Each structure stands twice: as structure tokens, then as C-alpha cells.
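Enquirer: Any chance you can model this:
(chains A and B)
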Amino acid sequence: MRNYIRYLVSFEHFIKNCMLFRIINETLVLLFPFVLIGTYIDLLRKTVFEKNGFLNNIYYVSTWLFGFKLIGNFLTLLDLSVNGVIAIAMAYLTAKITTKKNTKYNLAASLTAVFAFMIMNFNGSHYLKNNNQQVGKFLATNFSYSGCFWALIVGLVTGWIFNKFFRVNQVASVIDSENQDLQEWLATTLKPVAITLLFFGICSWMFSLFSKVGANHLITTPVHLAVSHGFLIPIVAIFSIIFNNILWLFGIIGLFQFNDINAGRTVENLEYAIQHGSAWGAPNPVTLHILIDSFANIGGPGMLCAMLLAILWRSRNKDLKTIVRAIFVPSIFNITQSPLVGLIILRSPVLGIPFLLTPVVSVFLTWLALHFSLIAPSVYPLSKATPGILVGWLGTGGTWQSLVFGIVNVVIGTILYLPFVLVGNMSTLKQEQVKSDEK
Amino acid sequence: MKSKLLRTTLLIIVIIGICIPAYQWNHSNIVRLRNAGKTRMAPIIMVPGSSATKNRFDNLISELGHEAPQQHSVLKVVVKTDGKIETTGSIARNDQQPFIVVSFQNNKDGKKNIDLQSNWLNLAFKELVKTYHFNHFSALGHSNGGLILTLFLEKYLKESPTVSIDKLMTIATPYNMEEENLKKKTAMFNELYKYRDGLPKSLVMYSIAGTENYNSDGTVPYNSVNFAKYIFQDNVKNFTEITVTGANTAHSDLPQNKQIVALIGQYILRENFKPSQIQGNNKNNN
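Expert: Numbering: from 1, shown residues only, chains lettered A, B, ... in the order given. Coordinates of the predicted model:
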């Protein structure tokens, strides 16, 4: 047991000190305020100012709030221009931090990364445009959180190219001379900029041959699992949720569309419930949608709610607590962005283990409960941003068993996260010791 | 200590303040879904013309059975003169568009009987809704069956407010009885015209006329079928008139006329008939 703990602590150290993760961590720290503001804009918009928002639905906000539509439009503007372009900032920052040697040097690199990122998101179907249809030049959806993975890659590769081809001593002279020599600046930057842009141009063009909607789409094409019926469903659910959460951490969102996979069965369930006035005994109690969306993602992917509770309860890492306090309210409404969770996990990498495994436990428990008819399957459609803990309860039309089960699930999740929070504490302690020893 | 108590109280108030309205909204939403959601089952109610029995549409149904991608079950209902109903056949569990043939013990012609029959249809219809839980349907009437259906839609459908009609098709229905003269309006037409505002506004209506010659299908005058426009046009969502000529266009042959069968498949059955099938039918016919 002790060996395991020691192993985990050293794993935590290894990740924290790994160059790649340090770059990502620093990028995420710099982005933190922007993502946080974006998250609250998203929260406000999705819960209150959207037609199907949870708080709007239950308090009928649109009927009594003057200027509801105007505020909604204003928030949409903010949402699209903050959350909507976060990946561009990410590419910029990653390249900047990768080439962190002096100012001019990394300025050129980070600017190049922005151009490279735009190149990677060129819309392949722009070639096919006809007069009737307006086709966007860029895949604007990839500028949002779903493009963060590519932004990181582009930033890192650009940084690497600059480190390789940019002569640092030459730069030093450029920076030193007060009257900057244009010719010298050109001579030193032209090559890496051209190489990077050409490289990504070729990549983007090649991707567009495979997929008309850009590189990101190659990864995020929703996977539909054809084998998902009968006893296979829980197994498929467990594998897909692990895989999905790993990818989600990297910012690859929407690979699996759990809503759509069993859409037919979900509709059958709904029809049954409408006709019989109850969700009990619906024809398809076990679907991926019920297993995963109702109970395994409370608070966000990876039973985030349980993670946040465990950190708030026992963690001694002040940074972690700051992050958790900042994102707690949005996560109640299941609104979380992957960079925020990424930030938590990079601060305490051992948390990545329960992040992947807790949903497995809750999927399994949900399956057992459904199998023995302890809870009714959730069948009714819900508002946007319904609090995760209420999803099961409201989805079954308000059966108390589901509410209790949701709470039990969060408690079990918190218990599962707790040991890893404690290991994180040990690692923090060790780090502090090392620091004080150095002094 | 005090602040902790305050915080707990506040938390409980917030939780209750969210849960109770959420529960209420959830329930009102379920009620809304129940009312708005159309059931998957939407039967096709067929009403034969005067003097015809419950077996009137057997040929048509077997023809449709050859052509349609899916088999449909058939329920035959006979309404007795005292309003009691007698059924034969059954509706298969997974059949989303079963055929329900409604015929009458008293199947005599004449305005008085048609009025009675539309009332009987209403009684049977209510029984059917109660038994099979559908909330929308389509209807097909041949000859006077079309009149019975139209009267039913105008006067009685509102008695079943949860149920709506999608499509109505009448085949060779004499909206002005046997009258050939365009200027003479029969009592039957006047009644249909008088109550036309009762027709559901969302109705999609097809009136099919068959003609052996320029004037009639041998029994029903073309002009009488054409009177449908005075009742339906601009009064329902869509009104389409179709005239079928060629082989098998005598009045009693119309329900099994291949072109009309194809039209029924195309417009009334929700599943898609392939164009090739429809064309093929025409070829056979010509």
C-alpha cells in the first residue's frame, strides 16, 4: 500500500516536472481568467437567457424580465467572442511559452502560431462553394474549446520549429541594437515563419482531402456505436466513457454523441412514458444516454461534482481550492470547460486516475440499479443546463428513487476521489519540504 | 457558529427554491408533451359507400399490400343501428398505420341515412380512440363514405378534442348527390356547405374523381364530385383535385384502380412508395 502511495506521489512529481505539461500548465494559467469569465457568460446565457434554459423555464424569466431578448443577444455576442475564439489565444500562448527565451523571438513565434492555427482550420468545402450558398472560409466552431487540442499542437510545433531554426544569438543582437535593423529582423524571421506556414498549409490541405470540414473534424466525427444493445450496453458505456473523458481532457469534445446513439430507443421510452404516464417499465431501460448522461457526468465529465467536493473538503493545495471555488457554481449547472478541469489535473495529476475511473463505477451502479428496477429510466427531455444532480430526478418525471440515487452516486464519487486528493496533499507537502531544504 | 447556521439555512432555501419550481415545470412539461406529442399509431379510417359492406375495401387493401413496403393490419367495424359496434380482425401491436374499416348495419343511401351514419361513425370513432389511444389519423372515403366522413369532420370531430386528422381522401364522392346540373344545389350539399367552418383548418384533403367519359364514372356525375371545392377550398390547409381516367374507372371499380391505389400509397400512407412502383402501376394500367 505504501509503495503504491509512493509510486503515485512520484508519478505526480514526474508529470509536474515534465516539460510538455509545464508548458500546457502555464498556458492554462494564463488563460484562466479568460476561460473563467467565458464560463460565467456561458452559465448566465444557458441557464437564464436561453429559451430552453433551466432557470428561465422554472422561473419563467422571459415573461417578466424586461429586455430579455436584448440581454440574451448581448450575452451571445460576448459568448461567441470570448468562448468562441479561445483556441486562437491558446495557440498564441502555447507558442509563446514554448519559445520563452526573449521577447522578440517568441512574439514572432506566437504570431506565426495564430496564422498556422487559422490555416489548420481552413474550410475545405470553401472550394466547392456555389452561388446559392455562403460557405465560411474558416471552421469557426473549432476556434472554441473543441479546437483547443489542435491549438496546443499547433503552438507546440510552431515553437519547436522556431527553436530549431531561429538563431538565438542573432536575435540577441537584434534586440540589443536600439535602432532595429529591418533587414536583419527579416533575415532571421522569414525562414521560420515561411517554414511553419508552409508546413501547416500542406497539413491542412492534405487533411482537407480526407475531410471537407478540416483537421479537427477528423477527430471529432461522432462515433456511433452500432453494437450498443442488450448486455453489451454497460460494457460499451464503460469503454466509451473512459475514452471520451480522456479525449475531453485534451479538449476533443463531441467524439461520442450519447444522445443520438440510441435516439430511436429514447423516443420509444418517451412515447411509452407519455402514454402510460410513468417512466417505470419503459421498453428500453438501459441505453447509453441513460447510463452516461443521467448519472455518470454529474457536474461535468468525470463526475466533476464529486471531484470538486473532495477537493473542497480535504485538499491542502491552495491553488486547487481557488480554482474549485471559482468554478463550483457553473459546474452545479453542468457547465465546465475542459481547460479548467485540465488546470486542476495538471496541478494534481493523480486526480486524473479517479477522473477516468469514477464514471465507470457510476455507470456500473446505474446499470445495476436499472437492472433490478431500483430506479426508473430517465425518459423525459430536460432544459439546457439542468443541474447534474437533478437530471435523473427530473428525467424520470420526479421519482424520489432517482433523486436519492443521484445523491448516493455523488457521495460514492467523492469517496473515490478522496484518497487521490490525500495523495496530492502528500505530494504538495513533499514539494514544500524540498523548497525549504533548498533554502 | 451563527454564520454557519445562516449559511446552512440559505443553502436549504436555495435548494428548495430550485427544486420545487423545477418539479412543477417538469410536470407541466410532461403534460404538454402528452398533449402535443402525436402518437406513433395513426390509423387510416376507411368508410365505404352506400350499400357496401365491411369487406368493400378488401381488394384495395390487398392491392396496397402488394405495393406497400410494409404490411398493415385490418380492423373491420360494423356499427349497428342502436350504436353498438361489432369488430372483426385486429390491429397488430407494431402496426403504426393500421386500416380501420367502418361500415354500417344500415348502409342505405339518402341524405337522412347519411346524417345518421355520420353520427354512428362518431360513436365508433370515440370507441376506437378509447381503445387504441391514437391522437391523429387519416381517412379515406369511397362514394357516399366521403360524405359521411366530411359530415363527421364538420360536426362531430370536435367532440374528441385530443384527436386531429392529418389527411382525408375521398374517391368519387358526390358532394352534390346525383345532380348533374351545376346550378342546382341539393339538400346534402347545402348541409355540408353550411357546416364547412367546422372542418379542421390543418386538414390536407384530396378529392379524386374517376371519369369513364367526359361527364361521369357511370354512377356519379363529374360535376357533383367537383362540388368539393365549394366546401374545402380555402377552408382547409390544402385541397387537391385529381381526375383519373382510363381502364377501371367505373364508379365501383375505382377503389381498386391501380392509379388510385398508387395515389393512396403516395398521399395517405406515411411510408414512401418508390416512384418506380407508381410508374410501374401506370404502365400496367395503360
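
Enquirer: would you list every one of the strands in the stretch 51-200 of chain B?
Expert: The residue ranges that make up the strands of the stretch 51-200 of chain B, judged by DSSP state E, counting those that start in this stretch, are B:74-79, B:85-89, B:99-104, B:136-142, B:164-171.

Enquirer: A:L198 is nearest to which of these?
Expert: Closest to A:L198 of those, according to CB to CB: strand B:164-171, at 59.8 Å. For every residue, glycine as well, the C-beta is placed using N, CA and C.

Enquirer: The top helix by length along chain A and chain B, any residue contact?
Expert: Ranked by residue count under DSSP state H, the longest helix found in chain A is helix A:400-438. No - on the criterion CB under 8 Å from any CB of the partner chain, helix A:400-438 is out of touch with chain B, staying 8.7 Å away.

Enquirer: now the strands of the stretch 51-200 of chain B in TSV, with distance to A:V324, mean neighbour count and mean pLDDT?
Expert: TSV is the format used below for these (distance: least, CB to CB, whole Å; neighbours: other CB atoms under 10 Å in any protein chain shown; pLDDT from 0 to 100):
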stretch	distance to A:V324	mean neighbour count	mean pLDDT
strand B:74-79	62	22	91
strand B:85-89	65	14	88
strand B:99-104	62	25	92
strand B:136-142	51	25	92
strand B:164-171	52	23	91
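
Enquirer: Redo these as a markdown table? Include distance to chain A.
Expert: Listed next are those as a markdown table, based on distance: least, CB to the nearest CB, whole Å:
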| stretch | distance to chain A |
| --- | --- |
| strand B:74-79 | 19 |
| strand B:85-89 | 22 |
| strand B:99-104 | 19 |
| strand B:136-142 | 14 |
| strand B:164-171 | 16 |
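
Enquirer: can you list those in CSV and add distance to B:G110?
Expert: Shown next, in CSV, are the strands of the stretch 51-200 of chain B (distance: least, CB to CB, whole Å):
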stretch, distance to B:G110
strand B:74-79, 17
strand B:85-89, 22
strand B:99-104, 13
strand B:136-142, 17
strand B:164-171, 18
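
Enquirer: Which strands or helices does the longest helix of chain A pack on?
Expert: helix A:2-17, helix A:304-314, helix A:352-371, helix A:388-395 (3 or more CB pairs under 8 Å, 6 or more residues apart in numbering or on different chains; DSSP states H and E).

Enquirer: Give me the contacts around the last one.
Expert: Same thing as helix A:388-395. With CB atoms under 8 Å, 6 or more residues apart in numbering or on different chains as the test, helix A:388-395 has contacts from A:279, A:293-295, A:297-300, A:305, A:331-334, A:375, A:378-380, A:382, A:386, A:399-400, A:402-403, A:405-407, A:410, B:18-19, B:22-23, B:26.

Enquirer: secondary structure element for A:S240?
Expert: Using DSSP states H and E, A:S240 falls within helix A:232-249.

Enquirer: gap between B:I264 and A:F14?
Expert: From B:I264 across to A:F14, the span is 73 Å (CB to CB, to the nearest Å).

Enquirer: is chain B contacted by stretch A:324-340?
Expert: No - applying CB under 8 Å from any CB, one finds stretch A:324-340 separated from chain B by no less than 9.5 Å.

Enquirer: whoops, stretch A:61-76 was the one
Expert: No - Stretch A:61-76 does not reach chain B (CB under 8 Å from any CB); its nearest approach is 11.2 Å.

Enquirer: Please spell out which residues along stretch A:327-345 are buried.
Expert: The neighbour-count check on stretch A:327-345 (16 or more other CB atoms under 10 Å in any protein chain shown) flags A:327-328, A:330-345 as buried.

Enquirer: And for stretch A:74-86?
Expert: Buried residues in stretch A:74-86 (16+ other CB under 10 Å): A:L75, A:L78, A:D79, A:V82, A:N83, A:G84, A:V85, A:I86.

Enquirer: before we move on, back to that, in helices, which of the buried residues of stretch A:327-345 appear?
Expert: Under the assignment DSSP H, the buried residues of stretch A:327-345 contribute A:327-328, A:330-332, A:338-345 to helices.

Enquirer: what's the closest non-adjacent residue to the closest residue to chain A within the stretch 151-286 of chain B?
Expert: Nearest residue of the stretch 151-286 of chain B to chain A (CB to the nearest CB) works out as B:T162 at 12.3 Å. Distances taken as CB to CB, 6 or more residues apart in numbering or on different chains put B:N135 closest to B:T162, at 5.3 Å, once the chain neighbours are dropped.

Enquirer: Report the contact partners of that neighbour.
Expert: Taking CB under 8 Å, 6+ apart, we find B:N135 in contact with B:K38, B:T39, B:V129, B:T162, B:V163, B:S164.

Enquirer: Mind pulling up the pLDDT for whatever residue of the stretch 51-200 of chain B ends up closest to chain A?
Expert: Per CB to the nearest CB, B:H133 is where the stretch 51-200 of chain B lies closest to chain A, at 6.0 Å. On the pLDDT scale, B:H133 is placed at 84.

Enquirer: same thing with A:Q183?
Expert: Per-residue pLDDT puts A:Q183 at 77.

Enquirer: ok, it to chain B distance?
Expert: 66 Å (CB to the nearest CB, to the nearest Å).

Enquirer: so how far is A:L190 from that residue?
Expert: A:Q183 sits 11 Å away from A:L190, going by CB to CB.

Enquirer: likewise A:I311?
Expert: Counting by CB to CB - A:I311 and A:L190 are separated by 48 Å.

Enquirer: burial count for the nearest residue to A:L343 once chain neighbours are set aside?
Expert: Among residues not flanking A:L343 along the chain, A:L28 sits closest, at 4.5 Å (CB to CB, 6+ apart). Using other CB atoms under 10 Å in any protein chain shown, A:L28 has 26 neighbouring residues.

Enquirer: and what of B:N29?
Expert: 17.

Enquirer: do A:P283 as well
Expert: Count around A:P283 with other CB under 10 Å applied: 11.

Enquirer: does it really touch A:V267, like I thought?
Expert: No - contact between A:P283 and A:V267 fails when scored by CB atoms under 8 Å: they sit 10.6 Å apart.
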